[in-house]
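Chemist: fold the following.
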Amino acid sequence: MKSLQEFVKERRKEVHLTQEEFAERAGVALTVVRKIEQGKNNLNLEKVNLVLKMFGHVLTLVDERLLNSNIGYDEKS
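Modeler: A predicted model of the protein is given here:
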């Protein structure tokens, strides 16, 4: 599985956009794109999702208990 950092950087390059162009189209500051591509941990989820929406994706919070178990959402309901 690719990291957020790898995913955004690779996809941005696939569409031949600079960080500046991409930030403008996504509606975020250039620093947001730079922080994502540098793998920074202090990211704003709303800003990250504005970036990811450019590729048809979003991030959401996940219950940590599910991450630490073998039970998925489909199996639990």
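
Chemist: contacts made by the longest helix along the chain with the rest, please.
Modeler: Across the chain, the helix with the greatest residue count (assigned by DSSP state H) is helix 4-14. By C-beta atoms under 8 Å, 6 or more residues apart in numbering, the surrounding residues in contact with helix 4-14 are 2, 19, 22, 33, 36-39, 48, 51-52, 54-55, 59. Glycine gets a C-beta too; all of them are placed from N, C-alpha and C.

Chemist: among those residues, which lie within helices?
Modeler: Per DSSP H, the contacts of helix 4-14 map to helices at 19, 22, 33, 36-37, 48, 51-52.

Chemist: now the longest helix of the chain: how far from the chain's centre is it?
Modeler: 9 Å (C-alpha atoms, centre = their mean, to the nearest Å).

Chemist: looking at the chain, which helix or strand is least sure?
Modeler: Scoring the helices and strands of the chain by mean pLDDT, DSSP states H and E places helix 73-76 at the bottom, with a mean of 48.

Chemist: buried stuff in the longest helix of the chain?
Modeler: For helix 4-14, burial by neighbour count (16 or more other C-beta atoms under 10 Å) applies to 4, 7-9, 11-12.

Chemist: ok, now stretch 29-47?
Modeler: So, applying 16+ other C-beta under 10 Å, buried residues of stretch 29-47: 32-33, 35-37, 47.
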